[in-house]
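Asks: no sequence for this one, just the structure:
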DNA sequence: TAAAAATACTCCATAGGTATTTTAT
DNA sequence: ATAAAATACCTATGGAGTATTTTTA
């Protein structure tokens, strides 16, 4: 059976075209090298060198073996580093899901940073709402997913990491009385406006916390339109269908006819979290670590919001 | 240093997920197999299996190694047959040159036959006149070349094989008196017509044999147009510029206004030969053999000419 | 307690070393 | 005469075997 040692020896001889020099290069003596090459020729049943006592030349078969042997040896020599890289998550494939809101928030920076320090990991991104993500987890179609406002949503055997907790701001039509700048906006100013919001099943926790905040303040909110995409919600606000509570990061989505305002004394918080299967591959672990680091060094995650006057 | 034996052992264990069974498959016992895998893990500095006394599972690093090891082993196992094939000329690259005339003659069948029995040889074809071919040989840009009417043209260190010797026929304008069928055409009928012919430097032997045949018959031929492509020569004939001697195979090139006729008592012969460097690669040798075989079994080479009335 | 991996040791096949011969220049 | 490959023979490393222990389901 052919082995790499023989190929290394063959390549050395083929490159030096001199058994003595090749042997020196291989840190061995000439006789066993001669024998090893003879052995290889016997194993392949092909003459590899044209020897004429005074000179050594490759036969066509030798030429053919040389290119193949070099390829093989290169692959074999790369193997340790390749396996180690894979084991450490430096290479591999990462399938990420995210709810669309996150694309306006921490996602771009997180991905950018990860790509930069892990250029050999291929990324596959997929926009999906929480319920779709959970189904995808079940079918092992994604490795990790970013969700918003989903405490405790992770099924058994999954882990959660809060990436970002940001205040929620109010999106309201520009012609709304409360939209004018120059004064501090208070809850009473907008409490009676109809709410544009996700359907409850998409983000129960968001829905419930908004509802309970209104109730605590003695108000039964009037729910206007529902939509399952933040962009749609903002469009509905711009169309005058009501006001909407959105994560601060969404202020980066500027639409004509819509302004965002902090509202004094409103403790609504939007939590972005990452969910992943507990027994994750190294690539996934590596991504989690990156996200965890970035979340701690929060400057990386929470950029200054664009023009939100309060 | 990592070697193929270890990889084979690793793959067996990874596939069986059971050291005992894997050892049996490898025709060895379990203890040395365990040690070998430990050795591999030590060499790679990566844990490859998650052992729990009762069950064996691949780690992510193991998964990564498995795909790479399989690729490597497949390549290594293919190596003997690949090298042998290359040494026997069953694979490789063949660069052929040919003068355009041959494309109307034996070339298509020769190539077709060769491709059929040597599907793994890649062919590169190049149309070139004799002088260009000789330059290409000098620059080692072609392996073999088909030429016409070039006895002794091969430089030192090259070999020649006559592929085909065919009679030459006369191409003449359809409105020529001698073009009419129904009688045997004799040399006197066309001896005084101007000749359309290659310039002498392109095919000295052709030029000289035509010239000497005319001289022997007491005629100094009148040379009309010259052209370095047979197709051009036939076009010039159709344009009434004269008559031309062409290899019988060229009758396959039918042009309006041109007819081909055998001329009685004209011993002009067109010889197609193959030229190649004496110290040829196996692929080339193989091609030569194929051509030699085909030339002997001449039915393969000399097809019945298309409609040449005599 | 049974099944499977790990450990301890033994052995020999072979990779590699030394000494020498052959051969072409 | 010399340089380089081939041959002969020797040595010792390590790959594989047998026997045994450990571990956990």
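Replies: Alright, I've got the coordinates. As the structure is a prediction and not an experimental result, all values here were calculated from the model.

Asks: now residue A:159: which helix or strand?
Replies: Using DSSP states H and E, residue A:159 falls within strand A:158-173.

Asks: quick one: strands adjacent to that strand?
Replies: According to DSSP bridges, strand A:158-173 forms sheet pairs with strand A:244-247 (antiparallel), strand A:258-261 (antiparallel), strand A:269-277 (antiparallel).

Asks: buried ones in the first one?
Replies: Using 16 or more other CB atoms under 10 Å in any protein chain shown as the test for burial, strand A:244-247 gives A:244, A:245, A:246, A:247. For glycine as for every other residue, the C-beta is placed from the backbone atoms N, C-alpha and C.

Asks: mind splitting chain A into its structural domains?
Replies: A:4-87, A:92-310 (automatic domain parsing).

Asks: name the element residue A:181 belongs to?
Replies: Using DSSP H and E, no helix or strand contains residue A:181.

Asks: so it versus residue B:259, what's the distance?
Replies: Here residue A:181 is placed at a distance of 98 Å from residue B:259 (CB to CB, to the nearest Å).

Asks: comparing those two, which residue is more hemmed in?
Replies: Using other CB atoms under 10 Å in any protein chain shown as the criterion, residue A:181 and residue B:259 rank with residue B:259 on top: 24 against 9.

Asks: and stretch A:198-211, how far from the chain's centre?
Replies: Distance, stretch centre to chain centre, for stretch A:198-211: 27 Å (CA atoms, centre = their mean, to the nearest Å).

Asks: what do you get for stretch A:288-295?
Replies: Stretch A:288-295 sits 11 Å away from the centroid of its parent chain (CA atoms, centre = their mean).

Asks: quick one: residues in contact with it.
Replies: A:106, A:109-110, A:113-114, A:117-118, A:144, A:161-164, A:274, A:276, A:280, A:300-301 (CB atoms under 8 Å, 6 or more residues apart in numbering or on different chains).

Asks: only whichever of these are buried, select them in ChimeraX.
Replies: Typed into ChimeraX, the next command selects the buried ones out of those (criterion: 16+ other CB under 10 Å):
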select /A:106,110,113,114,118,144,163,164,274,276,280,301
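
Asks: just the strands from chain A, written as ranges.
Replies: A:49-51, A:56-58, A:92-98, A:121-127, A:144-148, A:158-173, A:195-197, A:223-226, A:244-247, A:258-261, A:269-277 (DSSP state E).

Asks: got TSV for these, with distance to residue B:4 and mean pLDDT too?
Replies: Formatted as TSV, the strands of chain A follow (distance: least, CB to CB, whole Å; pLDDT from 0 to 100):
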stretch	distance to residue B:4	mean pLDDT
strand A:49-51	23	87
strand A:56-58	23	86
strand A:92-98	25	96
strand A:121-127	29	96
strand A:144-148	37	94
strand A:158-173	40	93
strand A:195-197	63	94
strand A:223-226	63	87
strand A:244-247	56	94
strand A:258-261	64	94
strand A:269-277	35	93
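
Asks: just so I know, which of the strands paired with strand A:158-173 lies nearest residue A:155?
Replies: strand A:269-277 (8.7 Å; CB to CB).

Asks: what's in contact with that closest one?
Replies: By CB under 8 Å, 6+ apart, strand A:269-277 touches A:101-102, A:105-106, A:133, A:137, A:143-151, A:153-154, A:157-168, A:206, A:209, A:246-249, A:284, A:288, A:291.

Asks: that strand: which residues count as buried?
Replies: Applying 16+ other CB under 10 Å to strand A:269-277 flags A:270, A:271, A:272, A:273, A:274, A:275, A:276, A:277 as buried.

Asks: what's across from the last one in the sheet?
Replies: Partner residues in beta bridges with residue A:277: residue A:158, with DSSP bridges as the criterion.

Asks: now swap in the third one and tell me
Replies: Counting by DSSP bridges, residue A:272 is bridged to residue A:148, residue A:164.

Asks: tell me, how many residues neighbour the residue nearest to residue A:16 when sequence neighbours are not counted?
Replies: Distances taken as CB to CB, 6 or more residues apart in numbering or on different chains place residue A:22 nearest to residue A:16, at 4.2 Å, with adjacent residues excluded. By other CB under 10 Å, the residues close to residue A:22 number 23.

Asks: and residue A:38, by the same measure?
Replies: If you count neighbours by other CB under 10 Å, residue A:38 ends up with 12.

Asks: now do it against DNA strand D, distance only.
Replies: 7 Å (CB to the nearest atom of the strand, to the nearest Å).

Asks: coming back round to it: would you turn the strands of chain A into CSV with distance to residue B:228?
Replies: As requested, those are exported to CSV (distance: least, CB to CB, whole Å):
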stretch, distance to residue B:228
strand A:49-51, 41
strand A:56-58, 40
strand A:92-98, 59
strand A:121-127, 56
strand A:144-148, 70
strand A:158-173, 76
strand A:195-197, 82
strand A:223-226, 82
strand A:244-247, 79
strand A:258-261, 78
strand A:269-277, 73
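
Asks: of the ones you listed, which approaches residue B:239 most closely?
Replies: Among these, strand A:56-58 sits nearest to residue B:239 (CB to CB), with 55.3 Å.

Asks: can you count the residues close to the closest residue to residue A:124 other than its chain neighbours?
Replies: Leaving aside its sequence neighbours, residue A:124 sits nearest to residue A:95 (CB to CB, 6+ apart; 4.6 Å). Residues lying near residue A:95 (other CB under 10 Å) number 18.
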